[in-house]
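In: Any chance you could fold what I've pasted below:
(2 chains)
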Amino acid sequence: MSDAPVLRMESVRKTFGGSVVLRDVGLEVAPHTVTALIGASGSGKSTLLRCANLLEEIDDGAIWLDGEEITDPRVDQDAVRRRIGVVFQAYNLFPHMTVLDNITLAPRRVHGVARAEAEQRAHELLERLGLGGRAGEYPDRLSGGQQQRVAIVRALAVRPRLLLLDEITAALDPELVGEVLAVVRDLKDDGMTMVLATHEMGFARDVADQVCFLDSGVVLERGTAEQVFGDPQQERTRQFLRRIVDAGRL
Amino acid sequence: MTVTEEESGEEPGKDPGRDGGHGDAYVPSQRRLERERYKRARARRATAIAAASTLVTGVVLYLIVVNAPGWPRTKETFFNWQYAREAFPKVLEGLWLNVRLLLICGAAVLVLGMLIAIARTLRGPVFFPLRVLAAAYTDFFRGLPLIINLMIVVLGVPALRLQGVTVDPVLLGGTALTLTYSAYVAEVFRAGIESVHPSQRAAARSLGLTNRQALRHVVLPQAVRRQVPPLLNDLVSLQKDTGLVSIGGAVDAVRAADIIVGRSLNYTPYIVAGLVFVALTIPMTRFTDWVTARMDRRRAQGGSI
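Out: Prediction:
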């Protein structure tokens, strides 16, 4: 964990119209670690991820990926995005393409990988995530859990340096959540660097090396899972966790 | 859902006694038989009412027309069998021109309309003039009445006596049609592009696709699929508007009828030309309906297109 951070954010500020979503966010993500972002809805978790992938332009502060400042306006944004994979809450699969085409689009068009090679890697990944035989299907023929696993494969197909997971189980039926979380656990074992926004506190506690509690646009508390869940220092964190426990979610 | 559909997939009311192949010795209950008897009776009653209502409406309309004071004369000038027979082959011959115009203009309209729509959605300061030009084009040609556009192009361009520019009324008429219709079709495409949810573009960009790649591989294919019904609708409209090239003197179906009318002072050929156009558009409208229904069904099944 002493390596140079893959992702670093400093004093990031982001507003939408008049409302401040990120006030002053700092974050460091070491290689091969999992960072879980927790906090109430609207606390800025998703916005933080979208800013890290340059889908949103930040108002102030700076973000570094592998030591390169990616918020510099002179930087090639497409090149930055190629190094970061994103999985969205609503899957965002391309409905007019088969599973295989969804996965091979970016490797072929962006990275110039030959079709046969791209398809072979896609089949390997599908097989690994328990989706062998689904390559020819269209997304609307799959269950939510299957679609989300395809979305994960699609993000992995370009061999990203960093994977951002934006509440990837929030749209799933409870019995499908497990299959997706199992995939994330596997990826952690493979050493993938990940940042995930989540409401699954039990999962965050199990899998995260670092937990960040976001509240009104700042990282109010940060530490290992044991620290944040076991011995929270801030009153707001304790309140949040108490509500989660009361709701039976931890 | 009735019991029948659930159990055997048969149409309701059709042979409810046998659910062959299931082997579960199912015997429909009295309640079900009674229900289906009632439904059959209700369907028969509905058919009878529809038939009676149609008949009455038809008779009333017929009596109104036939008893109109000018009917005998109107019948002679608009529905003369002899002139109809004379006009029909000539009109058909002219119609071939309309069909060719439809095919060529239709293709040109789709290409031009797509280019204009893309021009309107381009970002970046370099494309500013292109965006403005495309917006001005659609505003102008959607507002300009087609008939005036045709007169300007078909009659005005030859009057300039430009070297090397055609004076052929068919080519000029086709050009005018293409100008107007590509403005409409561009708006259809643009609506389609904007109807694709931003999250699709976000997903494409997050994979590292450039703006142009995202447009080409993700946004446009979905936009075009969604807009097939309105596009076909515009093509049906173009099909009948090809009849307007006759104002420049091109001998299409309308002009062919016109020639006979001028000679005989009998309007029956217009009726013939009108019916021929209707006959030509009906298959296309039905096709449009069919495509629309099929897409609605797919959407209803929970799939997006």
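In: residue contacts, the residue in the stretch 51-200 of chain B that chain A sits nearest to?
Out: At 4.9 Å from chain A, B:Ser199 is the closest residue in the stretch 51-200 of chain B, using CB to the nearest CB. Where you see a C-beta, it was placed from the backbone N, CA and C, and this is true even at glycine. By CB atoms under 8 Å, 6 or more residues apart in numbering or on different chains, the contact set of B:Ser199 is A:Phe88, A:Ala90, A:Asn92.
In: check these against chain B, which are close?
Out: Contacts with chain B are made by A:Phe88, A:Ala90, A:Asn92 out of the contacts of B:Ser199, judged by CB under 8 Å from any CB of the partner chain.
In: quick check, nearest of the residues you listed to chain B?
Out: Within the ones next to chain B among the contacts of B:Ser199, distances to chain B taken as CB to the nearest CB reach their minimum at A:Asn92, with 3.7 Å.
In: Could you count how many residues lie near that closest one?
Out: A total of 25 residues lie near A:Asn92 under the criterion other CB atoms under 10 Å in any protein chain shown.
In: Which of the helices or strands spans it?
Out: Using DSSP states H and E, A:Asn92 sits within no helix or strand.
In: Surely it is in contact with B:Gln200?
Out: Yes: using CB atoms under 8 Å, A:Asn92 is in contact with B:Gln200, at 6.4 Å.
In: that older thread, any idea how far the residue of the stretch 51-200 of chain B closest to chain A is from A:Pro232?
Out: B:Ser199 is 34 Å from A:Pro232, where distance means CB to CB, to the nearest Å.
In: Then A:Asp166?
Out: Noted for A:Asp166: a distance of 24 Å to A:Pro232, by CB to CB.
In: just so I have it, where are all the strands in chain A?
Out: Shown for chain A, the strands assigned by DSSP state E span residues A:7-16, A:19-29, A:34-38, A:60-65, A:68-69, A:84-87, A:162-166, A:194-197, A:210-215, A:218-223.
In: out of those, nearest to chain B?
Out: Among the strands of chain A, the nearest to chain B by CB to the nearest CB is strand A:84-87 (4.1 Å).
In: Now do the closest one: distance to the chain's middle.
Out: Distance, stretch centre to chain centre, for strand A:84-87: 6 Å (CA atoms, centre = their mean, to the nearest Å).
In: again, but for stretch A:28-48
Out: Worked out by CA atoms, centre = their mean, stretch A:28-48 lies 8 Å from the chain centre.
In: Is that stretch positioned near chain B?
Out: No: judged by CB under 8 Å from any CB, stretch A:28-48 stays clear of chain B, getting no closer than 11.5 Å.
In: as a whole number, average confidence for that stretch?
Out: The average pLDDT within stretch A:28-48 is 93.
In: What's the end-to-end length of that stretch?
Out: One end of stretch A:28-48 sits 13 Å from the other (CA to CA, to the nearest Å).
In: How about stretch A:134-142?
Out: Counting by CA to CA, you get 9 Å between the two ends of stretch A:134-142.
In: Count the residues that sit near B:Ala159.
Out: Using other CB under 10 Å: B:Ala159 sits among 8 other residues.
In: I'd like the distance between it and B:Val170.
Out: According to CB to CB, B:Ala159 and B:Val170 sit 17 Å apart.
In: same question, B:Pro269
Out: In this view, B:Pro269 and B:Val170 are 21 Å apart by CB to CB.
In: The two - which one has more neighbours?
Out: Set side by side, B:Pro269 and B:Val170 show more neighbours around B:Pro269, with 28 against 20, by other CB under 10 Å.
In: Which of the strands of chain A sits closest to B:Arg216?
Out: Checking those against B:Arg216 by CB to CB gives strand A:84-87 as the closest, at 20.5 Å.
In: what about the helices in the chain?
Out: I'll assume chain A. Taking DSSP state H to define them, one finds helices in chain A at A:45-52, A:77-82, A:99-109, A:115-128, A:144-156, A:174-189, A:201-207, A:225, A:235-246.
In: meant chain B, my bad for not saying
Out: B:3-8, B:30-66, B:71-78, B:81-121, B:128-143, B:146-151, B:157-160, B:169-195, B:198-206, B:211-214, B:220-226, B:228-241, B:253-264, B:268-300.
In: Packing partners of the third one?
Out: Same thing as helix B:71-78. Helices and strands touching helix B:71-78, by 3 or more CB pairs under 8 Å, 6 or more residues apart in numbering or on different chains; DSSP states H and E, are helix B:268-300.
In: by how many degrees do the helix it packs on and helix B:81-121 diverge?
Out: Relative orientation of helix B:268-300 and helix B:81-121, computed by axes from the mean of the first three to the mean of the last three CA atoms, to 10 degrees: 40 degrees.
In: Report all helices and strands that helix B:268-300 contacts.
Out: helix B:71-78, helix B:81-121, helix B:228-241, helix B:253-264.
In: Who are the packing partners of the second one?
Out: Right, the one you point to is helix B:81-121. Packing partners of helix B:81-121 (3+ CB pairs under 8 Å, 6+ apart): helix B:128-143, helix B:169-195, helix B:228-241, helix B:253-264, helix B:268-300.
In: can you give me how far that helix is from the chain middle?
Out: Taking CA atoms, centre = their mean, the mean C-alpha location of helix B:81-121 is offset from the chain mean by 13 Å.
In: Average pLDDT for it, rounded please.
Out: Averaged across helix B:81-121, pLDDT comes to 93.
In: what do you get for the shortest one?
Out: Taken as a whole, helix B:71-78 carries a mean pLDDT of 89.
In: So what touches that helix?
Out: Residues contacting helix B:71-78 (CB under 8 Å, 6+ apart): B:Val65, B:Ala68, B:Asn266, B:Tyr267, B:Thr268, B:Tyr270, B:Ile271.
In: could you point out where chain A is predicted with low confidence?
Out: For chain A, the stretches with pLDDT under 70 are A:1-2, A:249-250.
In: which bits of it sit near chain B?
Out: A:53, A:55, A:78-79, A:81-82, A:84-86, A:88, A:90, A:92-96, A:105-106, A:109-111, A:138, A:140-141, A:154-155, A:158.
In: 7 Å - rerun?
Out: With the criterion set to CB under 7 Å from any CB of the partner chain, chain A comes near chain B through A:53, A:55, A:78, A:81-82, A:86, A:88, A:90, A:92, A:94-96, A:105-106, A:109-110, A:140, A:158.
In: Mark which of the residues you listed are buried, thanks.
Out: Buried by 16 or more other CB atoms under 10 Å in any protein chain shown: A:53, A:55, A:78, A:81-82, A:86, A:88, A:90, A:92, A:94-96, A:105-106, A:109-110, A:158, out of these.
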